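Participant: Have a look at this prediction, sequence included:
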Amino acid sequence: MLALRWSGTWSGPLFIGFALSSLAQQTTPASPAPEQSAKPAPNATVRLIPRSDEERQHTSEASHHIILNVLVTDPSGKAVTGLSQDDFTILDNGQPQKISSFRPLTGNAKDQPLHVILLLDAVNNSARNFASERKAVEKFLAQSRGSLPWPIAIAHFSDFGAAVSPPSHDANALLTYLKNLPGDVHQSDSAGDPYNHELFPGLRSPGTLPTTAQPRTQKVNLQWEDQNQRFLLSITALNKIAVQQEDVPGRVIVIWIGPGWPLLSGPGFLPDTPEVKSSLFDHIADLSTEIRVAQMTLDTVTTPDLLHSDGLNSGYYSPFMTPVTASAQANAADLALPVLATQSGGQVLDDSKDIAAEIAAGLADADSWYALSFESTPSAQPDEYRTLQVKVNKPGLTTRTNTAYYAEP
């Protein structure tokens, strides 16, 4: 897998080295082919721009002031309004917390704006599926009859990152933007990709590759390398979106359309080293924090057919929903799109063939919710995993919000 690392908010140029993990050997090892015999290049030196006093203060406040956007529903799934602060209890690692602030909100609240990002994924998709998903977004926008209840932006995720359009209430303007998007999807040979190498100049060869006498070997190797690259591009894009949203007032709902990126697991990959696990744990904690601080609710929308085309079934991510409390437990699949969506308080919508309807179901969360906050106690060590739960003292009601966070000293 990958040894990746970033540190907190990207406030300036950041140069990061990473390594593609060795891939598991298959059958009897043979001598490397000439084109595979080159030694991996050393990791690039990590160089960080020192943070200013203001940035350090902002990081400290964000680490301890926890804002939760909470959806409350009745047994039929309908949003419940009219609740008061006294109806709620916040549990941090099972311990009740004093609620610092409480506001019942709707999607059109002027004092707490909400906006939406619909993300089309051209990296983890075939050209056919990408075209189908774009048509589904067009269908959703057309149903609004020109005017949208919330400002919506279109994000186009390609090998060059996620380009996000200006948000708009004008569905026709967004439809025009969609029609002008390129239809190209990810190509596995993207060595000239400036987005990838600008952030990760320490690209290494994959180390020990499986070698057999069969001519299909090189194709298999390229497939694993491509999975590494798509995972890296996807996690980087999601992190940058979250960082950008930290400076945008209010809540954001990001709907990622498509099955998401590879899990980087299975017989093609060797077990992670402690160094790789440590780096993955840093990423899990950092990305969880960025999403929470950005007040981002992440939904994933796909169909059974799209999952099947990727060799996946509904619920494939379930084994990776367990808490990651230490680096020894970290796995790249803990960063799977449905895992991050669930942990953010979002939804995994993958049981319908109607993507437009699933987008509408995800945006039902924008109708009504409650914003609560509390001050977390300093942790004994960095990135201390803590569970989050919000309870309502009314029978039959359920809540959905962030499931956990990583506390700081």
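Facilitator: Perfect, I can see it now.

Participant: And the strands in the stretch 251-400 of the chain?
Facilitator: Under the criterion DSSP state E, counting those that start in this stretch, strands of the stretch 251-400 of the chain are mapped to 251-257, 296-301, 348-349, 368-375, 384-392, 398-400.

Participant: Relative to residue 313, which of these is closest?
Facilitator: Nearest of the strands of the stretch 251-400 of the chain to residue 313, taken as C-beta to C-beta: strand 348-349 at 12.6 Å. Heads up, the C-betas are built off the backbone N, CA and C, glycines and all.

Participant: neighbouring contacts of the closest one?
Facilitator: By C-beta atoms under 8 Å, 6 or more residues apart in numbering, the surrounding residues in contact with strand 348-349 are 299-302, 317, 338, 341-342, 358, 361-362.

Participant: follow-up on the earlier one: which one, of the strands of the stretch 251-400 of the chain, ends up nearest to residue 73?
Facilitator: strand 398-400 (5.6 Å).

Participant: which residues of the stretch 51-200 of the chain score low on pLDDT?
Facilitator: Along the stretch 51-200 of the chain, segments meeting pLDDT under 70 span 51-62, 109-112, 188-200.

Participant: who does whichever strand or helix holds residue 140 touch, helix- and strand-wise?
Facilitator: In the assignment (DSSP states H and E), residue 140 maps to helix 127-142. Other helices and strands packing on helix 127-142, by 3 or more C-beta pairs under 8 Å, 6 or more residues apart in numbering; DSSP states H and E, are strand 114-121, strand 147-158, helix 171-179, strand 251-257, helix 355-363.

Participant: Return the residues in contact with the closest residue in space to residue 321 that isn't next to it in sequence.
Facilitator: The shortest distance from residue 321 to any non-neighbouring residue, by C-beta to C-beta, 6 or more residues apart in numbering, is to residue 339 (6.1 Å). Residue 339 makes contact with 317, 320-321, 333, according to C-beta under 8 Å, 6+ apart.

Participant: How confident was the prediction at residue 339?
Facilitator: At residue 339, the model reports a pLDDT of 97.

Participant: Now do the contacts for residue 96.
Facilitator: 89-90.

Participant: and with 6 Å instead?
Facilitator: Residues in contact with residue 96, defined by C-beta atoms under 6 Å, 6 or more residues apart in numbering, are residue 89.

Participant: Identify the bridge partners of it.
Facilitator: Note on residue 96: beta-bridge partners by DSSP bridges are residue 91.

Participant: Relative to residue 401, how far out is residue 104?
Facilitator: Note on residue 104: its distance to residue 401, by C-beta to C-beta, to the nearest Å, is 14 Å.

Participant: neighbour-wise, which of those two wins?
Facilitator: For residue 104 versus residue 401, neighbours defined as other C-beta atoms under 10 Å are more numerous around residue 401 (20 against 16).

Participant: Would you confirm that that one contacts residue 70?
Facilitator: Yes - between residue 401 and residue 70 there is a contact at 4.4 Å, judged by C-beta atoms under 6 Å.

Participant: what is in contact with the two at once?
Facilitator: Residues within reach of residue 401 and of residue 70 at once, by C-beta under 6 Å, 6+ apart, are residue 390.

Participant: From the contacts of residue 339, list just the buried residues.
Facilitator: Among those, the ones that count as buried by 16 or more other C-beta atoms under 10 Å are 317, 320, 333.

Participant: The second one against residue 332, yeah?
Facilitator: It stands for residue 320. No - under the criterion of C-beta under 6 Å, residue 320 lies out of contact with residue 332, with a separation of 9.3 Å.

Participant: circling back: tell me which two of the contacts of residue 339 sit farthest apart.
Facilitator: Using C-beta to C-beta, the two most remote members of the contacts of residue 339 are 321 and 333, lying 10.2 Å apart.

Participant: With distance to residue 146 as new columns, can the contacts of strand 348-349 be given to me in JSON lines?
Facilitator: Listed next are the contacts of strand 348-349 as JSON lines, based on distance: C-beta to C-beta, whole Å:
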{"residue": "299", "distance to residue 146": "24"}
{"residue": "300", "distance to residue 146": "28"}
{"residue": "301", "distance to residue 146": "23"}
{"residue": "302", "distance to residue 146": "28"}
{"residue": "317", "distance to residue 146": "37"}
{"residue": "338", "distance to residue 146": "33"}
{"residue": "341", "distance to residue 146": "30"}
{"residue": "342", "distance to residue 146": "34"}
{"residue": "358", "distance to residue 146": "22"}
{"residue": "361", "distance to residue 146": "22"}
{"residue": "362", "distance to residue 146": "21"}
